[in-house]
Structures are given as C-alpha cells and as structure tokens.
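Chemist: Output the structure for:
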Amino acid sequence: MKKNQGNLSRRQILAAAGFVGLAALTGCGSGEDGDGKDLSKKQNGAMKDYRVGQQFKAAEPLSFSVLHNDNPAYPMKSGWPFWQELTKRTGITLKPVSVPLSDYEKKRSLLIGAGDAPFLIPKTYHPSEVAFVSSGAILPVSEYVHLMPNFQDKVRKWRLEPELDSIRQSDGKYYLLPGLHEKVKSGYSLSLRTDVLDRLGLTAPSTWDEVYTVLKAIKAEYPDRYPFTDRWSTNTPFPAGAFFSYLGQAYGVRAGWTYDNISWDDGTKKFAFTGALDGFRQMIDYVRRLVAEKLMDPESFTQTDDDAVTKLLSEKSFVISANPQELVQKYRYNLERQVKGARIEMIPVPLGPAGPVVMGGARLENGVMISSKALESDTFVAMMQFVDWLWYSDEGQRFAKWGLKGLTYTDAGGRYRLKDGISLMGSDADAPKDLQKDYGFFNGVFAYGGSWALVSSSFSPDEKKFQDAMAERRQLPIAPAHPLQSVEQEQATLWDTPLRDHVTQNTLKFVLGKRPMSEWDAYVQELKAKNMDRLVDLHNKAHERFKKEGR
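Modeler: Here you go, the predicted model:
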C-alpha cells in the first residue's frame, strides 16, 4: 500500500511541476494516459504531431457535445460565424446543449447526476467541480494534460503550478481545466462624479479614509441626499457583493463575491475563519460608520441595480460601484445626456490597513470539466487536443475573442480594432452589428484567460488606466493545497453553509446598526457554536496531511 502511495506522490509532484508527459508535448507519446491505461484505441481523428502553437485540425470530421451557458445579453444563434469558422479551422463541429444563464448551475448538476451531461462542460467555477468528484462523473483532467501542449506551456511559462495545486483534491488530482491568466486582472472599484469633486475643491480619494472625507464633504453640500448608493445586492448571497469584494482588499480579507469561510494566514501559516478575523471586523465597522452618518444609502444592501443606477442618474447620489464596462456604457453614457457637464470616473481601489494588496482577481478563471463518458470514446485524444487549441493556444484564444481578421477586426502591430459597423459591449452605439450578438465571438463560454497582451487588447482607455494602476500592487499569498477527503467534504459542507449564512446575516445587521459592534465577541461565540473551529481544524489537518504525503 505504501509503495503505491509513493508512486502516486511522485507522479503528482511531476504534475505540479508541469513535467507529466513532457515527451508527449509533440504528440501522443507512449499512448498511455496518467493512469497507465492504453489510449491507442482512442486516437481516431487525432493529430500525430500536435505541438505548441500549431493549428489543430482533426484528421477526420468529428463532433463533440458542449454545455452552453446562454447569456441573455447575446442569446445563442446557430448561424453565428463562430461555429462555422471553428469547424472550418479544426474539423470539429460543436453540438451545444443550451442552458439559460440563470439556470446554468442547477441544470448542469441535473445533467451530470442523470448521466446525460455533454462531453465538454465549460463555465465551471472552482470549487463547483468538487461536488461531482466522488461519483466519478467527471474526469481527473490532470491525468490527461500530457495531451495538451499549450496548456502545459502556459503553466510553465507563467509559473502557475501553485495555483493548480490549490485546486487539487485529496487524491492529488484536479478535475477542472481552469482558464489561465498571465497576470491578475482587477474588475471593480468606486466611481465618482468628478465634476462634483472639482466644484467642491476635492481630489479623487486614494485611501478609504479619504473616501470618508470626500463623502462627508458631498453630504455637507447636499444634506438631503446620500452621497453613495450602491448596487449588485440582488441575486447574490452577499449584500453589495462588488463593494465588499474590493473594500475587503483594503483590510486583507475576502468578502462580498470573493468571500470564503476559510482564509490562509501567511503569518501563522495556518487557515483561519474569515468572518471572525479582525480585518473583517474593521471592514464592517467602516461600512457601519458610513451608514450611521448617512454617507451611504442603507438601501444599497437590498435594492435592485436599476434602482441604484436611477438614483445616480437623477443626482440623488454621486458615488457608485463600477466596472469599466458599466462605467462607460451605463453611467457615463446616460449622465452626459441627462446632466449637463456631468463627468464620472472609476478610481483605483482605495488603500487601507492592508496596504497595496490586490485580492479582487486571480490567475485561474472558470474552466472546463470533462465528462467521464468522454474517455469511452475512440476520439478522446482528438477531443483533448481540440480543447487545448480552443481554450489554451494563443491562436484559439485570439479567435474566440476577436473573431476573423478582416471580417470582425483589424490588427496592426498587436493592436486590435473592430471593423467599422461592429460594436462590442456598447463601444459604438450606432453600429448595426455586434461582435457578441451577431457573430458569436467574445462569448464568455469560450473567450477568457490568456496573455496580458491579449487580455488587455480589449481595454477601453478607462480600463487601461485603471488596470495599469492596479498592476503596481501585490497579490496576497496563494493559499496552499488542502484537499478534503470525501467524508471530510461532506462534513465540511454541513458546517459551511450555516456558518456562511450567519456571517452574511450578521454583516448586514452590523452595518445597518441593527446589532451594535459591542456584540462582536458574542457573534464570534455564535460562530464557534456553529462548528467554526472544527471547520478550520478540518482544513488545517487536510493541509498538513497533503504536505506530509509529499504532494
């Protein structure tokens, strides 16, 4: 038994270093997969000498089923040039099983549970894949990356091994092919009416203390209004999810959309419970102060996005959370038409006690699960090569994002420009065509990840300025691998949800003044009563076990 474990650990170490199947980078190598199973009968349609940077083209026409997350912003069309050109280039016809975005995760679970899932299951965010591991319904994809030279190449070049280690399960394998980014990309921050700041003799704030000062000054000028009203509170378990996500960066904690019960403490080299950390308490107290002094609209934590934006456009507020797309397409576009002289800008995330930390982004993104049924197909190797080309090669990523050179875009020295008459996310309100809606490119199912040059190629001037400023900051240390065994995972799930709900509910109570901060210690004791310490111990023991086994 120990001998087998030793062999397993050695293989996993090699996988983490990106060397598994190195000899197979130029082809299928020995014809064996990571478990020693013969793949020689599963190579129909595969390329014999598929290499990094090479155009994949199946040796014969093939088709693969794919789960398609149908975004209402660009509903799927069978006539998209994306489908047609993909088949022309690769010899692969994708057969999409379309599922509405609003029902995607539920429908995905049902299909997998019933054994009816398509071969390719993209748009999966870690740790969603964990729920399907014990049943054997999805493949341990780390055992097959030797068939994916582009994936391996990017992992090595960008030194992504630690990130991949963080998604390994207790068997040392990972079950999701994540999107790979060269650099962290931040997405959300505050946007402020800069014309109002200018009129009041204020400058854009760079710290959260300065944000408070600016809001106080605006409140003094407009005592009957809330300077700051916010959005992204509905259809999310954490109120004001975007706001808390980037505010948490200033306090060194994950909150809002990025909240996780378990956080890595790089000082103690142990995991801790996020909702009980002192940084989390400080963050809540800051927001409580904004609400108590009527600097932030208490409806920010319950109202719809439309209500929040309407308040901004009607000048009932002057500050709101933004991402670069919403800033340009919704806030600025409408403000300039409704309020004479109005200007609004998105600022770099203000700094706080944690210093210049970036937590709002990561270098792994949502990715692809592979149905275990795919391994039964005699075209399995070709499918993995195709996945490697479309999601991980430079050319495949460029194709999925920008489309066809000469038809949808032009390229001069690596600078991409949409062809006249084509718009992307409102970039040209008068354009008759849309890159997503009419052509099927820039589809979130296929277009994500990549080099910084490619990722930044679609930045507006506003986003480029924002990202350049954020790029100067550091990222918090990556949490080490701490995979739970199946029995532990079941127990952790039972504890995790009640704890998360208690944190969310009490965060809202504290910030709205329905519970005084003097009861913080009582709140922590309530978390303990809900098995907080036992959950933390479970993760710390898993981490120690993983280290001890040499993985």
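
Chemist: now the helices for the stretch 301-450 of the chain?
Modeler: Taking DSSP state H, counting those that start in this stretch as the test, the helices found in the stretch 301-450 of the chain are 305-313, 324-326, 333-338, 380-392, 394-402.

Chemist: do the stretch 51-200 of the chain as well
Modeler: Counting by DSSP H, counting those that start in this stretch, the helices of the stretch 51-200 of the chain are 81-90, 104-113, 149-157, 161-165, 194-199.

Chemist: Any stretches of this protein with poor pLDDT?
Modeler: Along the chain, segments meeting pLDDT under 70 span 1-37, 235, 359-361, 550-551.

Chemist: which residue is nearest the middle of it?
Modeler: What sits nearest the mean C-alpha location of the chain, by C-alpha atoms, centre = their mean, is E365, with 4.5 Å.

Chemist: Looks like it contacts P178 (just checking).
Modeler: Yes: counting by C-beta atoms under 8 Å, P178 is a contact partner of E365 at 6.1 Å. C-beta coordinates here come from the backbone N, C-alpha and C atoms, glycine included.

Chemist: which ones are touching the nearest residue to S134 once chain neighbours are set aside?
Modeler: In this structure, S134 finds its nearest non-sequential neighbour in S486, 4.6 Å apart by C-beta to C-beta, 6 or more residues apart in numbering. With contact set as C-beta atoms under 8 Å, 6 or more residues apart in numbering, S486 has these partners: 133-134, 170.

Chemist: now, among these, which is nearest to L215?
Modeler: Lowest distance from L215 to these (C-beta to C-beta) belongs to V133, with 46.5 Å.

Chemist: And the nearest residue to the residue nearest to the centre of the chain once chain neighbours are set aside, how close does it get to A272?
Modeler: Closest residue to E365 apart from its sequence neighbours, by C-beta to C-beta, 6+ apart: G179 at 3.3 Å. Separation of G179 from A272 (C-beta to C-beta, to the nearest Å): 28 Å.

Chemist: what's the answer for G355, then?
Modeler: Noted for G355: a distance of 19 Å to A272, by C-beta to C-beta.

Chemist: Equivalent analysis for P483, please.
Modeler: P483 is 18 Å from A272, by C-beta to C-beta.

Chemist: list the contacts for the residue nearest to L295 when sequence neighbours are not counted?
Modeler: Sequence neighbours aside, L215 is the residue nearest to L295 in space, at 4.1 Å (criterion: C-beta to C-beta, 6+ apart). Contact analysis of L215 by C-beta under 8 Å, 6+ apart lists 227-228, 290, 295-296, 319.

Chemist: Max pairwise distance over those: which two?
Modeler: Spatially, the most separated pair among these is L290 and V319, at 10.4 Å (C-beta to C-beta).

Chemist: So which of those two has more stuff around it?
Modeler: Ranked by neighbour count (other C-beta atoms under 10 Å), L290 and V319 place V319 first, with 27 against 22.

Chemist: May I have the beta-bridge partners of the closest residue in space to that one that isn't next to it in sequence?
Modeler: Spatial nearest neighbour of V319, chain neighbours left out: F228 (4.1 Å); criterion: C-beta to C-beta, 6+ apart. In this entry, F228 is beta-bridged to M296, V319, by DSSP bridges.

Chemist: Just give the number of residues close to F228.
Modeler: As a burial measure, F228 scores 26 neighbours (other C-beta under 10 Å).

Chemist: K123 contacts Y104, correct?
Modeler: Yes: judged on C-beta under 8 Å, K123 makes contact with Y104 at a distance of 6.8 Å.

Chemist: Quickly list what's touching both of L290 and V319.
Modeler: Common neighbours of L290 and V319 (criterion: C-beta under 8 Å, 6+ apart): 215, 228.

Chemist: one step back: name the residues contacting each of K123 and Y104.
Modeler: Common neighbours of K123 and Y104, using C-beta under 8 Å, 6+ apart, are N69.

Chemist: quick one: which of these two has more around it?
Modeler: The neighbour comparison of K123 against Y104 (other C-beta under 10 Å) goes to K123, with 24 against 17.

Chemist: if I pick the more buried one, what's in contact with it?
Modeler: K123 neighbours (C-beta under 8 Å, 6+ apart): 67, 69, 104, 366, 444-445.

Chemist: ok, it to V155 distance?
Modeler: 21 Å.

Chemist: Run through who's touching the helix or strand where F244 lies.
Modeler: Element membership of F244, judged by DSSP states H and E, is helix 241-250. Contacts of helix 241-250 with the rest of the structure, by C-beta under 8 Å, 6+ apart, involve 186, 188-190, 208, 230-233, 238, 254-259, 280, 283, 286-287, 300, 321, 323, 349-354, 357-360, 507.

Chemist: Count the residues that sit near R337.
Modeler: Residue crowding around R337 was assessed by other C-beta under 10 Å; the count is 10.

Chemist: For it, give its distance to S321.
Modeler: R337 is 22 Å from S321, by C-beta to C-beta.

Chemist: for F64, same thing?
Modeler: Going from F64 to S321 by C-beta to C-beta gives 39 Å.

Chemist: Give me the more crowded residue out of these two.
Modeler: Set side by side, F64 and S321 show more neighbours around S321, with 27 against 18, by other C-beta under 10 Å.

Chemist: my read: that one touches S189, true?
Modeler: Yes: S321 is within contact range of S189, at 7.4 Å (criterion: C-beta under 8 Å).

Chemist: Quick check: the nearest residue to G444 once chain neighbours are set aside vs N44, distance?
Modeler: Computed as C-beta to C-beta, 6+ apart, the closest residue to G444 that is not its neighbour in sequence is N71, at 6.4 Å. Computed with C-beta to C-beta, the distance linking N71 and N44 is 33 Å.

Chemist: again, but for E488
Modeler: Noted for E488: a distance of 40 Å to N44, by C-beta to C-beta.

Chemist: now E105
Modeler: E105 is 33 Å from N44, by C-beta to C-beta.

Chemist: mind saving the C-alpha coords of stretch 243-258 as CSV?
Modeler: C-alpha atoms of stretch 243-258 as CSV (Å, rounded to 0.1, in the frame of the first residue of the first chain):
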residue,chain,number,x,y,z
PHE,A,243,-18.4,46.7,-2.9
PHE,A,244,-17.4,44.3,-0.1
SER,A,245,-15.2,42.4,-2.5
TYR,A,246,-12.9,45.4,-3.3
LEU,A,247,-13.3,47.0,0.1
GLY,A,248,-12.1,43.7,1.7
GLN,A,249,-8.8,44.1,-0.2
ALA,A,250,-8.0,47.1,1.9
TYR,A,251,-8.4,45.1,5.1
GLY,A,252,-6.7,41.9,3.8
VAL,A,253,-9.9,39.8,3.8
ARG,A,254,-12.1,38.2,1.2
ALA,A,255,-15.6,39.5,1.4
GLY,A,256,-18.6,40.0,-0.9
TRP,A,257,-18.4,38.0,-4.0
THR,A,258,-15.0,36.7,-3.1
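
Chemist: starting at the chain centroid, how far to it?
Modeler: Taking C-alpha atoms, centre = their mean, to the nearest Å, one finds stretch 243-258 lying 15 Å from the centre of the chain it belongs to.

Chemist: Around the closest residue to P356 other than its chain neighbours, how many other residues sit close by?
Modeler: What sits nearest to P356 in space, not counting adjacent residues and going by C-beta to C-beta, 6+ apart, is R473, at 4.2 Å. The local packing of R473 (other C-beta under 10 Å) involves 17 other residues.
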